[in-house]
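# From the sequence below, what's the structure:
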Amino acid sequence: MVIGLRPRVLEELERHSLTSGPDDTPESLRERLSDLYLADVRRLKARQVAGEIPLHDYARHVTALKESYPLLGLPLSLWTE
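So this is what the prediction gives:
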């Protein structure tokens, strides 16, 4: 576990099934979280292309997805105490 991460940061990481190991840094955790976000964006786009999500609803889905990753908008300096 990364020493000094704020409890809320740890909760958000765990919500996305990310756990920190002894060699992790806030930077490496953010990179892993960003990779998950990008994979989710690609899946969402694939669903839209497949017709599961109408084009006029796509922006709403993208916004909801973005809001489910609040840590990506938080500067790394605020991840630690």
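
# The residue of the chain positioned farthest from its centre in helix, strand or coil?
Most distant from the centre of the chain: residue 51, at 24.7 Å, with distances by CA atoms, centre = their mean. Classification of residue 51 by DSSP: H, G, I helix; E, B strand; the rest coil places it in coil.

# residue ranges with poor pLDDT in this structure?
For the chain, residues meeting the criterion pLDDT under 70 lie at 1-2.

# mind listing the strands for it?
Using DSSP state E, no strands are found in the chain.

# Who are the contact partners of the spatially most central residue of the chain?
Against the mean C-alpha coordinate of the chain, by CA atoms, centre = their mean, the closest residue is residue 69 at 3.9 Å. When the contact criterion is CB atoms under 8 Å, 6 or more residues apart in numbering, the partners of residue 69 are 16, 33, 36, 37. In this view, the C-beta of every residue, glycine as well, is placed from N, C-alpha and C.

# how far away is residue 67 from residue 3?
As for residue 67, its distance to residue 3 is 29 Å (criterion: CB to CB, to the nearest Å).

# again, but for residue 56
47 Å.

# One more: residue 43?
Counting by CB to CB - residue 43 and residue 3 are separated by 33 Å.

# Settle it for me: which of the two has more neighbours?
Shown here are residue 43 and residue 3; by other CB atoms under 10 Å, residue 43 has more neighbours (11 against 8).

# and the closest residue to residue 16 other than its chain neighbours, how many residues sit next to it?
Sequence neighbours aside, residue 36 is the residue nearest to residue 16 in space, at 5.6 Å (criterion: CB to CB, 6 or more residues apart in numbering). Per other CB under 10 Å, the neighbour tally for residue 36 reads 15.
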